[in-house]
Every structure is written in C-alpha cells, then in structure tokens.
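In: give me a 3D structure for the following:
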Amino acid sequence: MDLQGQNGLMSTYREGWRNRNPAGIAAAVSIVAFYVVLYFEDKVTRYTGFAPLTGLAEAVGLRNRWYLYGFLYCLVMMAGAVYYLGRHGNSRYNRYRVGANVGVQVTLGFLLPFVMPLFGGTEFYASYFWPLKYDYFFPQTLQDLPVYMAVYTVAGSLVAAPILAYFYGKRWYCSWVCGCGGLANTFGDPWRHLTSTTARSWRFERASIYTVLAFAVTMTVLVAVDFFIGDAHPSFHAFVSGERWDDWSVKTFYGFFVGSILAGVVGTGLYPLFGPRLWCRNFCPMAALLGLIQKAGRFRIRVKKDMCISCGNCTTYCEMGIDVRSYAQTNESFTRASCVGCGMCAHVCPRGVLRLENDKTTKTTLPVVTS
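Out: Numbers count the residues shown, from 1 in each chain. Sure, this is the predicted structure:
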C-alpha cells in the first residue's frame, strides 16, 4: 500500500505567491514577459537594439535562444520536481511519474535535439507527436526527415499514441512523457489549486479544446494539399502557407496564435493566476484527441462506495478542474476526457476513496495509486 500522506496541504492558501495576490500577479507578469521576449525577440531587438536571449545563449555556448530555453526548461522542471517530491514524494506513483517527466525532457526534449546536429543529424524531438507537434505531418517535414524518423513520427502519432491511450488513458503521455505536462506537473504544482472547477469553465474547455483540434486537423490537411498543388495555385499557397509572420496565412496564424500565444504566453505565463494546466485543459489538440480515446478506453477513476467524507481535497487539487468530490459523493466511478491521471485526487484523499485503474476487472503493469 502506497503511503498517501498529505504533505503541505495546510499551507496552500497561506503562501501569497501561490495565490492571486500581488506576489502571484508579479510572478505571472514575469513569466509572461519572458515568453513575450522569447517568441518576439525580433520586435524587442527592433526597439532596443539588442537581442537579450540570443546574446545570453551565445554567451553560454548554446546555438540560439531556443536551446537556451530548452536548457532553462530542464532546470526549472528539475527544481519543480524537487519541490513537488518534497511535498508528495511519499507516493510511489508520484516518484515514478515525475521521474519519467524529467528524464524524458532532459534526454529526448533537450539532449537529443542538441547533440544530433553536432554529428550532422537532424534536430528531432522524439517526445512530441502530431497534433501537438503539428508540423510533423507536413509533407515537407516528412520529406526532409530520415526515413526512420518519418516512420517513427507517423507510427507514434497514429498507432502507438492511440493504442496506449485506449489501454492506459491519456496519462501515459500527458502526465508521463509530454514536456508541457511535465512543466505543469513540477514547476506548476504550487498553483494547481487555482484551476477553476465551475460549470462555466467546463463549458469553455469543451468548446475551446475541440475547436483547436479541428483547427489543427484542418490546417494540416490544407498544408498537405498546398504541398502538392500550391505551385499551380499561388493564391491558395499564399492563403495556406505564407512564410512570414505578417502574411497571416493559415499556417503562420496557427503557429502564432496556438503555438506561441496559447501554448506559451497564456498557457505557461498564467500558471500563477489560473493553474498549471491552462494549455493542456483548454487548448492542447493532443490532449483533446487522446481524451476522446480515453473516454472509449479502459482508464477510469474508481470510487469506493459510501466512504467519501466530502472534505473536498480531491477537487481542490485536481489540476484539470474536475469536481472529483461530486463523483465520490454519489459513489460514481468515472472517466473524464480531460483527466490526465496525475493521481493527486487519490493521493490527497484522507480515506483512500479513489483509485486510478486501467481496467474494471484486471490489474495493470503500470504503477497505480492505491488506497
């Protein structure tokens, strides 16, 4: 039986930087400012005459600001992991999950893409799949990749990811592999209780996340069509695949609005105001796709009957804004498309009411959160 001590719960609302007071607002402004400079450094350079992140990257021997960002990302994740495990590391599931997060990010999210070009290879992020890494299905991208990478990308996105989501839920990716989820798991943990659980937020989530998924699929199809007929149809090519930011083509708009604003500036920058899974819950097309498969699959959260004392810890600490307590109060085991299987609802339950399961009758080979 895994220990499920509730380390640090009583301090959650007493630490100002973890709530929407001036310290929390200042933290959000600082993170947003960093992402604005990261994505729009050319604009900063135009007005200031220098490129702060590029200069810092070159000073420490990194090729560009994106590798600097990857390096800082790893450092922040590792520091966040230490913080998180210091509070909740008495759960074996938490130790395995966060360890996998950090390991995948450091090796596949930073070291592999950094080292491969040094040996004449292609920069490749093996921990990301379509539609999250939306350009991996562009014909020009697949054409430029070595055959084994192209096969890995297609098979991982269309075969491995859906199969794993069916058997283990979206947690295999969103809480164990994905770098976006890894940052939320670690660096974002202090703000998980700020995620809204209102019916209005749930309605917004369902509308927004499937809209972005539809946009991602449509954009991918249009870019593929443009690859084959764009030379013969200049207007269509300009509409779909204009290469400059100010062209405002379908592709550049998606990269700007979804890839930069929603995933970075808003999705990460507003952790201290709206919780760490703002991107994952409301906008991530990968989370939307895996969530649909999860609903039809084997993953669920089982509720032990007539044991809930309505303390509300599970709902408070759900980083996806699910009102877990309402299910526990009515003795209803459930599967929600948005659930990322972080296991915190089970971890903070004082009576062991909740359990993450992959099948109604059989056990799984992955670690589970037990009572």
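
In: and L158, what pLDDT?
Out: Listed pLDDT for L158 reads 97.

In: can you count the residues close to it?
Out: Look at L158: counted by other C-beta atoms under 10 Å, it has 13 neighbours. For the C-beta atoms, the positions are set from N, CA and C on the backbone; glycine is no exception.

In: name the SS class of it, please.
Out: Under DSSP: H, G, I helix; E, B strand; the rest coil, L158 falls in the helix class.

In: measure it to I293 for me?
Out: 12 Å (C-beta to C-beta, to the nearest Å).

In: all strands in the chain, in order from the N-terminus.
Out: 300-303, 354-357 (DSSP state E).

In: in JSON lines: those strands, plus mean pLDDT, mean neighbour count and distance to F256.
Out: Putting those into JSON lines (pLDDT from 0 to 100; neighbours: other C-beta atoms under 10 Å; distance: least, C-beta to C-beta, whole Å) gives the following:
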{"stretch": "strand 300-303", "mean pLDDT": "95", "mean neighbour count": "21", "distance to F256": "37"}
{"stretch": "strand 354-357", "mean pLDDT": "94", "mean neighbour count": "22", "distance to F256": "37"}
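
In: which ones are touching the residue nearest to V98 when sequence neighbours are not counted?
Out: What sits nearest to V98 in space, not counting adjacent residues and going by C-beta to C-beta, 6 or more residues apart in numbering, is A81, at 5.0 Å. By C-beta atoms under 8 Å, 6 or more residues apart in numbering, A81 lies in contact with V98, G99, N101, V102, N185, T186.

In: closest to A33 among those residues?
Out: T186 (21.2 Å; C-beta to C-beta).

In: tally of neighbours for the closest one?
Out: T186: 24 neighbours (other C-beta under 10 Å).

In: got a list of what the residue nearest to it when sequence neighbours are not counted touches?
Out: Closest residue to T186 apart from its sequence neighbours, by C-beta to C-beta, 6+ apart: G80 at 3.0 Å. Contacts for G80 (C-beta under 8 Å, 6+ apart) come out as L183, N185, T186, F187, G188, D189.

In: can you do 7 Å?
Out: T186, F187, D189 (C-beta atoms under 7 Å, 6 or more residues apart in numbering).

In: pLDDT score for the residue sitting furthest away from the middle of the chain?
Out: Within the chain, the residue lying farthest from the chain centre (C-alpha atoms, centre = their mean) is A232, at 38.6 Å. We have a pLDDT of 90 for A232.

In: output the strands of the chain as a markdown table; include the columns distance to F334.
Out: As requested, the strands of the chain are exported to a markdown table (distance: least, C-beta to C-beta, whole Å):
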| stretch | distance to F334 |
| --- | --- |
| strand 300-303 | 6 |
| strand 354-357 | 10 |
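
In: ok, which of those strands comes nearest F110?
Out: Of those, nearest to F110 by C-beta to C-beta is strand 354-357, at 29.0 Å.

In: let's see that closest one as PDB, backbone CA atoms only.
Out: Extracted C-alpha coordinates of strand 354-357, given in PDB (Å, rounded to 0.1, in the frame of the first residue of the first chain):
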ATOM      1  CA  LEU A 354     -10.200   6.900  -5.100                       C
ATOM      2  CA  ARG A 355      -8.100   4.600  -7.200                       C
ATOM      3  CA  LEU A 356      -6.700   5.000 -10.800                       C
ATOM      4  CA  GLU A 357      -7.400   1.900 -12.800                       C
END
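
In: start at 794, not 1
Out: In the new count, where the first residue is 794, that last one comes out as strand 1147-1150.

In: quick check, A1130 in contact with L1083.
Out: No - at 8.6 Å, A1130 does not count as touching L1083 under the criterion of C-beta atoms under 7 Å.

In: who has more neighbours out of those two?
Out: Shown here are A1130 and L1083; by other C-beta under 10 Å, L1083 has more neighbours (28 against 21).

In: got a list of what E1125 touches?
Out: Neighbour list for E1125: V1096 [criterion: C-beta under 7 Å, 6+ apart].

In: and it, how close does it get to R1144?
Out: 16 Å.

In: next one: T841
Out: 57 Å.

In: show me which of these two is the more surrounded one.
Out: Between T841 and R1144, counted using other C-beta under 10 Å, the more crowded position is R1144 (13 against 10).

In: how close does that one get to T990?
Out: With C-beta to C-beta as the criterion, R1144 and T990 are 20 Å apart.
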